[in-house]
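J.: One predicted model, sequence on top.
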Amino acid sequence: MTVTQRLYQAARPVWEACHAHPFVRGIGDGTLPLEQFRWFLLQDYRYLFDYARVFAYGVIKARDPELMRIFSVNLDAILGGEMRLHRAYMARLGIPEAQVFAVQPALANLSYTHYMLAVAAAGGPAEIVASLLACSWSYAEIGQRLADLPGAAEHPFYGEWVQGYAGADYQKTNAALVALMDTLAQDCSEADYQRLEEIFVSCSRYELGFWDMAWKREP
Ligand SMILES: Cc1ncc(CO)c(N)n1
């Protein structure tokens, strides 16, 4: 088994709970109330700034120019790619970008991003990728599963979201991150692996908490 296959197995129950979460299901069948999505969108846009900062830590901690470039390209893909989706929804909902920064980050949001930033500050490139991977990979899988539901990708409001994460660009970027995790963890000891698993599973639990926070609009 590769390192990422092991990580995937370890996080499986938490990921299944994400797939089964009413927020995620609601995007899939189009019944998610707009107020919940609006709350999520504002929180998630803020989240992505800190998520991007974790990649920036990767740029700092990379020991070779090729790895430095990979982190930098990913950082750009978030600011210019994924966040474009958020900005399009914000325009549709009439939310000016400045309003995002007036919103208080929810505790589940703040805890998640600060955990990743703490891991990144203390660790090296492998720990950094482990902390980013649960986010990227779980959204890639959620996008794919939702796109398989009849009508979900064509939904007049949520279809764009489904297409964004199921789309080739996002899937390709995620697959590269999965491959990078395997490369960076290639020769790690079992103790090192355990640390990566702890990070990956913790971030997966934070993912579940994020869906729950959005569903309940928990400040
Ligand atoms: C909370 C969260 N996790 C993962 C992603 C995917 O980048 C996102 N946009 N938000």
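T.: Nice, thanks for sending it over.

J.: ranges for the helices of this protein?
T.: 3-20, 22-29, 34-61, 65-77, 83-92, 97-100, 107-122, 125-147, 159-166, 168-184, 190-216 (DSSP state H).

J.: and stretch 145-159, anywhere near the ligand?
T.: No. Using Cβ under 6 Å from any ligand atom, stretch 145-159 stays clear of the ligand, coming no nearer than 13.5 Å. Bear in mind the C-beta positions are built from the backbone N, C-alpha and C, glycine included.

J.: Which residues does that stretch contact?
T.: 19, 24, 27-30, 32, 34, 37, 92, 162-163, 165-166 (Cβ atoms under 8 Å, 6 or more residues apart in numbering).

J.: Those, buried ones only, as a PyMOL selection?
T.: Selection of buried members from the contacts of stretch 145-159 for PyMOL, criterion 16 or more other Cβ atoms under 10 Å:
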select buried, resi 24+27+28+30+32+37+162+163+165+166
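
J.: Find the residue at the geometric middle of the chain.
T.: residue 135 (2.7 Å; Cα atoms, centre = their mean).

J.: Pretty sure that one sits against residue 48.
T.: No. Using Cβ atoms under 8 Å, residue 135 makes no contact with residue 48, being 9.5 Å away.

J.: picking that back up, and among the helices of the chain, the most buried is which?
T.: helix 125-147 (a mean of 23; mean count of other Cβ atoms under 10 Å).

J.: what's in contact with the lowest-mean-pLDDT helix or strand in the chain?
T.: None of the helices or strands of the chain scores lower by mean pLDDT, DSSP states H and E than helix 97-100, at a mean of 87. Residues external to helix 97-100 that are found in contact with it (Cβ under 8 Å, 6+ apart): 42, 45-46, 87, 90.

J.: tell me how far it is from the chain's mean position?
T.: 21 Å (Cα atoms, centre = their mean, to the nearest Å).

J.: next one: stretch 103-114
T.: Counting by Cα atoms, centre = their mean, stretch 103-114 comes out at 14 Å from the chain centroid.

J.: Same check on stretch 183-202?
T.: On Cα atoms, centre = their mean, the centre of stretch 183-202 falls 19 Å from the chain's centre.

J.: May I have that stretch as PDB, with CA atoms only?
T.: C-alpha atoms of stretch 183-202 as PDB (Å, rounded to 0.1, in the frame of the first residue of the first chain):
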ATOM      1  CA  THR A 183       7.000  11.300  -3.000                       C
ATOM      2  CA  LEU A 184       7.700  13.200   0.200                       C
ATOM      3  CA  ALA A 185       6.800  10.300   2.400                       C
ATOM      4  CA  GLN A 186       8.700   7.700   0.400                       C
ATOM      5  CA  ASP A 187      11.400   6.800   2.800                       C
ATOM      6  CA  CYS A 188       9.700   7.900   6.100                       C
ATOM      7  CA  SER A 189       9.900   5.700   9.100                       C
ATOM      8  CA  GLU A 190       6.800   4.200  10.700                       C
ATOM      9  CA  ALA A 191       6.900   6.800  13.500                       C
ATOM     10  CA  ASP A 192       7.100   9.600  10.800                       C
ATOM     11  CA  TYR A 193       4.100   8.000   9.000                       C
ATOM     12  CA  GLN A 194       2.100   7.900  12.200                       C
ATOM     13  CA  ARG A 195       2.600  11.600  12.600                       C
ATOM     14  CA  LEU A 196       1.400  12.200   9.000                       C
ATOM     15  CA  GLU A 197      -1.700  10.000   9.700                       C
ATOM     16  CA  GLU A 198      -2.500  12.000  12.800                       C
ATOM     17  CA  ILE A 199      -2.300  15.200  10.900                       C
ATOM     18  CA  PHE A 200      -4.400  13.900   8.000                       C
ATOM     19  CA  VAL A 201      -7.100  12.400  10.200                       C
ATOM     20  CA  SER A 202      -7.200  15.500  12.400                       C
END
